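**Q** take this sequence and fold it.
(one chain, ligands or ions: 2)
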Amino acid sequence: MSQEVLFDYPLQDAEGATCTAHAWAKVPEPLTPAARGEWKARAKALLAQKQAVLVAHYYVDGDIQDLALETGGIVADSLEMARFGRDHPSQTLVVAGVRFMGESAKILSPEKRVLMPDLDATCSLDLGCPPEDFARFCDAHPDRQVVVYANTSAAVKARADWMVTSSCALAIVKHLKDQGQKVLWAPDRHLGRYIQEQTGADMLMWNGACIVHDEFKGLELDLLKAEHPGAKVLVHPESPKSVVVQADVVGSTSQLLNAVLQMEAPAFIVATDNGILHRMRQLAPGKTLIEAPTAGSSATCKSCAHCPWMAMNALQGVVACLEQGTGEIHVDEPVRSQALGCIDRMLDFVKAHPSATSKLGLVRHLGAA
Ligand code: 13P
Ligand code: SF4
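**A** Numbering: from 1, shown residues only. Ligands and ions are numbered 1, 2, ... in the order given. Below you'll find the model as predicted:
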C-alpha cells in the first residue's frame, strides 16, 4: 500500500495556487442595508424575467443564499448543486459558487445557459492541478483508477474515471477497493489521506490543498474544545489530520449542516468556511455555533476561514450576469463529453447507493491517530 506523493506541486508559489491577493482585490465592498435590499429586488426581478434559477453554495454571501431560496433555487453542497442544476427545467442556471461548480453544471447540461456572478472565482485545488501535469501523472500510472475531486477543471475531469465530492468520496473509493482496484487520487491531499485511512485503499496522491481548510489548527482547536466541553466538533475533510482526528462528525457541507440539526448537543465548533454559519443559524437558531480557530503561532490567515473566491460572488454580479449575459461558462465539446463520463459515473453510483451520501457525515470520528 502506498501513500507516496508523486507530484509535489509547488503550492507555496507566491503567484500560484495559494496566492489570494488577486481574489481579495476583486471582492466587492459590503453594501449598505438599503443597497442590499435594492440589489436583491433587482436580482429577484431578473431571475423571474429570464426564467432563470439560482444554484448557490453554502459559502457564498448570505443575501445570495436567501435569494436562491426565495426564488425556487437551492443552497447546497457541490453534489446537490450538480444534481439540482441538471434536473431543473430552467434553461438558464446562475451558479453562485466557484468555477468548477459552473463547469460541472455546463458539462451535465450543455443545452442550458450557465452564468456565474464572477468567472474569476476559482479554487486553490483547481489552480493547483494543471491539466498537463495531471495528464503526465496519469500516464505514468495506467494501472490505476483515476479519481478526481469535484474541485478540478473540466480538462482534469476529462482524464478521470471517477469524479467524487466530499459527500460520496469515501463510499466510491471503498467500492473501488472492494473491486480490487488501485486508485490515483487528486488533488486534495487531506481528503485523500482521510479516505485512505478509512478504507485502506491503495492510493497515490496529488499534493493539493484548500487554502481555507488548510488553515485550521489542531493545537488551537484542542484549546478551544477545553473552553467548550459540551460542544461537538464538525469538520470538513479538506482540513488537516490534526483537526480531523478531533472531529465528532466529518462530512461535506450539507452533512455538517445536517449534523447541527440532528445532534442533541447545544453547541458546535465548525471547521469549514464560515459562510455556512448563515444557513446553520437560520435552521438551528437555538444552537451555539463557534468558528474553529485559524489563528495561532503558525497562522498565515490568507483566508481566515472564508474562501476569497466564494466571496467574489455578490448580488451585483448576479444582476450583471442576468442583465448583460456576462460570466457565461463555456466548455469545449470534446472536453465536455470526455468529462461527462466521470461525473455520470458518480451520479449513477449515488443513485444506486443512497446510503453513500448518508446524512450524518462520512463517518463519526474514529479516535485519535
Ligand atoms: P462541499 O461539496 O462539501 O460543498 O465542498 C465544496 C468545497 O469547495 C469545500 O471547500
Ligand atoms: Fe476551493 Fe477551498 Fe474555496 Fe472550497 S473553500 S472553493 S476547496 S479554495
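
**Q** tell me the domain ranges of this structure?
**A** As given by automatic domain parsing, the domain ranges for the chain are 5-11+125-210+333-357, 31-123+309-324, 213-305.

**Q** will you turn those domains into TSV that also has mean pLDDT and distance to H22?
**A** Yep, even glycine has a C-beta here, placed from its N, CA and C like the rest. Below are the domains of the chain laid out as TSV (pLDDT from 0 to 100; distance: least, CB to CB, whole Å):
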stretch	mean pLDDT	distance to H22
domain 5-11+125-210+333-357	94	11
domain 31-123+309-324	98	8
domain 213-305	92	12
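
**Q** let me have those domains in TSV, extended by distance to ligand 2 and mean neighbour count.
**A** Below are those laid out as TSV (distance: least, CB to the nearest ligand atom, whole Å; neighbours: other CB atoms under 10 Å):
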stretch	distance to ligand 2	mean neighbour count
domain 5-11+125-210+333-357	3	20
domain 31-123+309-324	3	21
domain 213-305	5	19
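
**Q** for those, give me a markdown table that also has distance to C19.
**A** Below are those laid out as a markdown table (distance: least, CB to CB, whole Å):
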| stretch | distance to C19 |
| --- | --- |
| domain 5-11+125-210+333-357 | 9 |
| domain 31-123+309-324 | 11 |
| domain 213-305 | 8 |
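
**Q** any chance of those in TSV, plus distance to ligand 1?
**A** Converted to TSV, the domains of the chain look like this (distance: least, CB to the nearest ligand atom, whole Å):
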stretch	distance to ligand 1
domain 5-11+125-210+333-357	4
domain 31-123+309-324	3
domain 213-305	3
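
**Q** among those domains, which is nearest A23?
**A** Taking CB to CB, domain 31-123+309-324 is the member of the domains of the chain nearest to A23, at 5.2 Å.

**Q** end-to-end on that closest one?
**A** Length of domain 31-123+309-324, first residue to last, CA to CA, to the nearest Å: 21 Å.

**Q** ok, stretch 87-106 next?
**A** Termini of stretch 87-106 sit 12 Å apart (CA to CA).

**Q** gap between that stretch and the chain center?
**A** In this view, stretch 87-106 has its centroid 14 Å away from the chain centroid, taken as CA atoms, centre = their mean, to the nearest Å.

**Q** tabulate the CA atom coordinates of the strand or helix carrying A226 in PDB.
**A** Taking DSSP states H and E as the criterion, A226 maps to helix 218-227. C-alpha atoms of helix 218-227 as PDB (Å, rounded to 0.1, in the frame of the first residue of the first chain):
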ATOM      1  CA  GLY A 218      -5.200  21.300  15.700                       C
ATOM      2  CA  LEU A 219      -3.500  22.700  18.700                       C
ATOM      3  CA  GLU A 220      -5.700  25.700  18.900                       C
ATOM      4  CA  LEU A 221      -8.800  23.600  18.300                       C
ATOM      5  CA  ASP A 222      -7.800  21.400  21.300                       C
ATOM      6  CA  LEU A 223      -7.600  24.500  23.500                       C
ATOM      7  CA  LEU A 224     -11.000  25.800  22.200                       C
ATOM      8  CA  LYS A 225     -12.600  22.400  22.900                       C
ATOM      9  CA  ALA A 226     -11.400  22.700  26.500                       C
ATOM     10  CA  GLU A 227     -13.300  26.000  26.800                       C
END
